[in-house]
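Colleague: Just to be clear, the model below is a prediction. Sequence and coordinates:
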Amino acid sequence: MVLTLRSRILISVLFFSLLIMVLTFSQEAESPQVSYKGKTYFLHPQTYEEFPDIPSPYTTEEGMEIVVALTKNKKYTLIPVTVENGEPMDYKSRQWDKIGKGRQLDVDNKDFPTLARTGLHSEVELDQIKTITGKSIGEITYLGRPERSSGEGFMSHDEDIISVLKGDNRLVKKLGLTHPQMAKPLYHVWNVIQRHEKKGTALGGIDYFLYNGRKILLLDTGSGHGWQDSIFNDEILGMYHIEMGRELDQDEKLFFKEKYSDLSSVQMTELIKMLSYIHTGEMVPYYIMRYGFYEGHTGYRADPIAIAFLFGLRRIEEIEKAFEGDLYEVLIEHFTRENVTSGERK
């Protein structure tokens, strides 16, 4: 049978249409997906016009962690952000396609057995410790001060590594949380950033992502021209600066106006910024998880109270109750050895 030209064209069109359908089905079948309440969602870069009926963050039965984000073109997407141990964060090799998540689950159980067991430090252990990862606390403090290991420093001039660990441990304990709980949302932010970097997609394409009902804005992210070495004997490296924040809702604004009416307008602005904005780097979640270290009072500090407020780990009423009207003072006070010893915040 001899086919006409029209028939051959029609068969070719049908063939290629079928091929595209098969390939599309194959890609979708292999795409990561999650199910919730009987609905199945494909993950980023798949987008949706309607808001997905799924919590954010959400952990599947298999342990995959996701957040829901809104893109700049007003479409929703589900981004996998699982906290896990992965390939090394070896910036020094400059093989960017091979740089992974690093060891996100590691805790320094040799130096801090109570931290590894409970998620919080024992102050008895902190009082007795002489070295961390084999380095003396004096050397770590020296390297951590401004203009030494880095220009900004990992703690202020009047702080030392033990006073900072103690001070933040008390804040986290007062909030009724643990250091791993504090590290997780920062890891989720970093894993969002790293996923986009690995896939070569612009992070600027994301408007915000949802976290416990809060709209978390990634205000600015970027890498430097080099990397920052750790002040401990570990593999943790830093190269990015990360700025994140969120807007207060009306109830929160009213709460601050009523509870802190004695503050000046400048102090009120400062208080709200300290709670709703964090400027830090990717080293910090690793430091929090491994050592309970949030950095001291420097420009890269991720304050535990700010983490709890920003990501909805605690409501402002719960945070206020924990600090009984001293929130402003608690946020600005340095963890000097004298303050930590005399304050005894328990």
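Modeller: Structure received. Numbers count the residues shown, from 1 in each chain.
Colleague: For stretch 258-277, buried residues please.
Modeller: The neighbour-count check on stretch 258-277 (16 or more other CB atoms under 10 Å) flags 260, 263, 268, 271, 272, 274, 275, 276 as buried. Yep, even glycine has a C-beta here, placed from its N, CA and C like the rest.
Colleague: Show me where the stretch 151-300 of the chain has its strands.
Modeller: 206-211, 214-229, 237-245, 277-280 (DSSP state E, counting those that start in this stretch).
Colleague: how about those strands in TSV, adding mean pLDDT?
Modeller: Converted to TSV, those look like this (pLDDT from 0 to 100):
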stretch	mean pLDDT
strand 206-211	94
strand 214-229	85
strand 237-245	93
strand 277-280	97
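Colleague: Distance to residue 164 added to those strands, as TSV?
Modeller: Output for these, formatted as TSV (distance: least, CB to CB, whole Å):
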stretch	distance to residue 164
strand 206-211	26
strand 214-229	18
strand 237-245	17
strand 277-280	15
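Colleague: returning to that earlier point: mind checking which of the buried residues of stretch 258-277 are in helices?
Modeller: Counted as lying in helices by DSSP state H, out of the buried residues of stretch 258-277, are 268, 271, 272, 274, 275, 276.
Colleague: from the residues you listed, which is closest to residue 156?
Modeller: Of all those, residue 156 sits closest to residue 274, with 15.1 Å by CB to CB.
Colleague: Excluding sequence neighbours, find me the nearest residue to that closest one.
Modeller: Once flanking residues are discounted, residue 274 sits nearest to residue 331: 4.7 Å by CB to CB, 6 or more residues apart in numbering.
Colleague: cool, residue 117 as well?
Modeller: Counting by CB to CB, 6+ apart, residue 117 lies nearest to residue 109, which is 7.9 Å off, once chain neighbours are set aside.
Colleague: That neighbour reaches residue 125, doesn't it?
Modeller: No - here residue 109 lies out of contact with residue 125, judged by CB atoms under 8 Å, at a distance of 11.5 Å.
Colleague: which stretches of the stretch 151-300 of the chain aren't confidently modelled?
Modeller: Scanning the stretch 151-300 of the chain for pLDDT under 70 picks out 197-204, 224-225.
Colleague: And the buried residues of stretch 258-277, which two are furthest apart?
Modeller: Largest separation among the buried residues of stretch 258-277 by CB to CB: 263 and 276, giving 15.3 Å.
Colleague: contacting residues for residue 92?
Modeller: Going by CB atoms under 8 Å, 6 or more residues apart in numbering, residue 92 touches 227, 237.
Colleague: if we go to 7 Å?
Modeller: The contact partners of residue 92, by CB atoms under 7 Å, 6 or more residues apart in numbering, come to residue 227.
Colleague: Repeat that for residue 271.
Modeller: When contacts are counted by CB under 7 Å, 6+ apart, residue 271 is found next to 260, 263, 327, 328.
Colleague: ok, now residue 281?
Modeller: Contacts of residue 281 by CB under 7 Å, 6+ apart are 238, 240, 241, 242, 300.
Colleague: go again using 10 Å as the cut-off
Modeller: Listed by CB atoms under 10 Å, 6 or more residues apart in numbering, the contact set of residue 281 reads 150, 152, 186, 190, 221, 223-224, 228, 237-242, 287, 295, 300, 302.
Colleague: tell me, what's touching residue 109 and residue 125 both at once?
Modeller: residue 115.
Colleague: ranges for the helices of this protein?
Modeller: Counting by DSSP H, the chain has helices at residues 5-30, 113-118, 123-128, 137-144, 161-174, 179-199, 250-259, 265-276, 283-291, 304-310, 316-323, 327-332, 337-343.
Colleague: Next, the angle from the fifth one to helix 316-323.
Modeller: Counting by axes from the mean of the first three to the mean of the last three CA atoms, to 10 degrees, helix 161-174 lies at 120 degrees to helix 316-323.
Colleague: Dump helix 161-174 to PDB, restricted to CA.
Modeller: The C-alpha trace of helix 161-174 is given here as PDB (Å, rounded to 0.1, in the frame of the first residue of the first chain):
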ATOM      1  CA  ILE A 161      33.500  30.700  73.600                       C
ATOM      2  CA  ILE A 162      32.300  29.300  77.000                       C
ATOM      3  CA  SER A 163      30.400  32.400  78.000                       C
ATOM      4  CA  VAL A 164      28.600  32.400  74.600                       C
ATOM      5  CA  LEU A 165      27.800  28.700  74.700                       C
ATOM      6  CA  LYS A 166      26.400  29.100  78.200                       C
ATOM      7  CA  GLY A 167      24.400  32.300  77.400                       C
ATOM      8  CA  ASP A 168      22.700  30.800  74.400                       C
ATOM      9  CA  ASN A 169      22.100  27.500  76.100                       C
ATOM     10  CA  ARG A 170      20.100  29.400  78.700                       C
ATOM     11  CA  LEU A 171      18.100  31.200  76.100                       C
ATOM     12  CA  VAL A 172      17.200  28.000  74.300                       C
ATOM     13  CA  LYS A 173      16.300  26.300  77.600                       C
ATOM     14  CA  LYS A 174      14.100  29.200  78.700                       C
END
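Colleague: so residue 52 sits right up against residue 35, yeah?
Modeller: No - taking CB atoms under 10 Å as the definition, residue 52 is not a contact partner of residue 35, at 11.3 Å.
Colleague: Can you work out which residues contact both of those two?
Modeller: Common neighbours of residue 52 and residue 35 (criterion: CB under 10 Å, 6+ apart): residue 41.
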